[in-house]
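K.L.:
test case, fold it:
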Amino acid sequence: MAKDSIIKIRNVSFTYPDTTSPAINNISFDIKRGSWTSIIGHNGSGKSTIIRLINGLLVPDNKNSPYIEVDGTELTDKTVWNIRDKVGIVFQNPDNQFVGATVADDVAFGLENRGVPRSKMLKIVPEAIKAVGMDDYTNAEPSNLSGGQKQRVAIAGILAIQPKIIILDEATSMLDPSGRSKILQIVHQMKKKDNLTVVFITHDIDEANLADQIIVMNNGGLVDQGNTKEIFSKVKLLKSLGLDVPFASQVKEKLLQSGISIPKEINSEKELINYLCQSNSKK
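P.N.:
Numbering: from 1, shown residues only. Below is the predicted model:
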């Protein structure tokens, strides 16, 4: 197993009660410490189930000697609470996470559960709220906030407990483009500042393309894993799974089919345009 992996999954399967087919079928993968990993796949592919297994909310089927390790600690009944302190999850609908009467109360909730002294909370909570740009709403009721503001508060609650891993489970899917951009910017800033490991479940290919590596899921199985250039170069595979492909990758595929060679390192629209312009100017 790679020593720099903060999450290690080995031979893990999971079957929901009253179903015959496993939601997760004997998967194994590593997530590198400090990386940004996107998990993609159509609905029902097992993406969210993986997250709940990592956090101990679900227990793997007892076959094939399943093994889950988070930050050097094997996930067991005895270590599950320790691991949950290291993993913060932001879900698709932040309303399901709110428990406090005000933004400050909600951000403090996780700290209270962990027995953090009030003197420390009085320092941590305002800092977390400010970090996500919500300091003008400290005493506001979460229910009165916009969708983007609610997700910021949810992220502040995660930030307050200082996890090593932050998981966003379709956390931007209900937001408009501006809201998505702001949330992604906040997460990138948090990652850089605290060397967080980010796991991002998304249907948005442009968001997935921001990652260091991508895990492709289908029908509970791990289909492929690699960096964005490797994964998005496999246009036929992704389309066969019903997944979108970045526009630049689609154009590259068409050019290759036409006999025009494009270097593998060309990955974005800007890079592709520059390369084609330079190639044309040499003729």
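K.L.:
burial count for residue 65?
P.N.:
A total of 9 residues lie near residue 65 under the criterion other CB atoms under 10 Å. Where C-beta positions appear, they are placed from N, C-alpha and C, glycine not excepted.
K.L.:
tell me which residues are up against the helix or strand hosting residue 8.
P.N.:
In this assignment (DSSP states H and E), residue 8 forms part of strand 5-14. The contact list for strand 5-14 (CB atoms under 8 Å, 6 or more residues apart in numbering) reads 1-2, 22-34, 49-50, 53-54, 58-61, 63-71, 164-165, 197, 199.
K.L.:
any chance you could map the strands in the chain?
P.N.:
Along the chain, counting by DSSP state E, strands occupy 5-14, 24-32, 36-40, 67-70, 73-74, 87-90, 165-169, 197-201, 213-218, 221-226.
K.L.:
okay, these in TSV with mean neighbour count and distance to residue 144 next?
P.N.:
As requested, the strands of the chain are exported to TSV (neighbours: other CB atoms under 10 Å; distance: least, CB to CB, whole Å):
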stretch	mean neighbour count	distance to residue 144
strand 5-14	20	36
strand 24-32	19	37
strand 36-40	24	32
strand 67-70	20	36
strand 73-74	13	40
strand 87-90	22	20
strand 165-169	23	23
strand 197-201	24	28
strand 213-218	22	37
strand 221-226	18	42
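K.L.:
redo those strands as CSV? Include distance to residue 111.
P.N.:
CSV is the format used below for these (distance: least, CB to CB, whole Å):
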stretch, distance to residue 111
strand 5-14, 23
strand 24-32, 26
strand 36-40, 26
strand 67-70, 21
strand 73-74, 22
strand 87-90, 12
strand 165-169, 16
strand 197-201, 21
strand 213-218, 32
strand 221-226, 35
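K.L.:
list the contacts for the residue nearest the centre of the chain?
P.N.:
Nearest to the mean C-alpha position of the chain, counting by CA atoms, centre = their mean, stands residue 200 at 1.4 Å. By CB under 8 Å, 6+ apart, the contact set of residue 200 is 36, 37, 38, 39, 167, 168, 207, 208, 210, 211.
K.L.:
what pLDDT does it get?
P.N.:
Listed pLDDT for residue 200 reads 92.
K.L.:
could you report the neighbour count for residue 129?
P.N.:
As a burial measure, residue 129 scores 25 neighbours (other CB under 10 Å).
K.L.:
how close does it get to residue 278?
P.N.:
According to CB to CB, to the nearest Å, residue 129 and residue 278 sit 48 Å apart.
K.L.:
just the helices in this protein please.
P.N.:
Taking DSSP state H to define them, one finds helices in the chain at 47-54, 80-86, 103-113, 118-131, 147-160, 177-194, 205-208, 228-232, 235-240, 247-257, 269-281.
K.L.:
could these be laid out in a markdown table, adding mean pLDDT and distance to residue 221?
P.N.:
Listed next are the helices of the chain as a markdown table, based on pLDDT from 0 to 100; distance: least, CB to CB, whole Å:
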| stretch | mean pLDDT | distance to residue 221 |
| --- | --- | --- |
| helix 47-54 | 93 | 11 |
| helix 80-86 | 92 | 25 |
| helix 103-113 | 90 | 34 |
| helix 118-131 | 91 | 38 |
| helix 147-160 | 87 | 29 |
| helix 177-194 | 84 | 28 |
| helix 205-208 | 83 | 18 |
| helix 228-232 | 87 | 16 |
| helix 235-240 | 87 | 13 |
| helix 247-257 | 74 | 23 |
| helix 269-281 | 74 | 31 |
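K.L.:
buried deepest among the ones you listed, which one?
P.N.:
Comparing the helices of the chain by mean neighbour count (mean count of other CB atoms under 10 Å), helix 147-160 ranks first with a mean of 24.
K.L.:
what's next to that helix, contact-wise?
P.N.:
88-91, 94-95, 97-98, 103, 106-111, 124-125, 128-129, 131-134, 137, 142, 145, 166, 171-172, 174-176, 178-179, 182-183, 186-187, 190.
K.L.:
sorry, back to before: of the contacts of residue 200, closest to residue 252?
P.N.:
Lowest distance from residue 252 to these (CB to CB) belongs to residue 208, with 16.8 Å.
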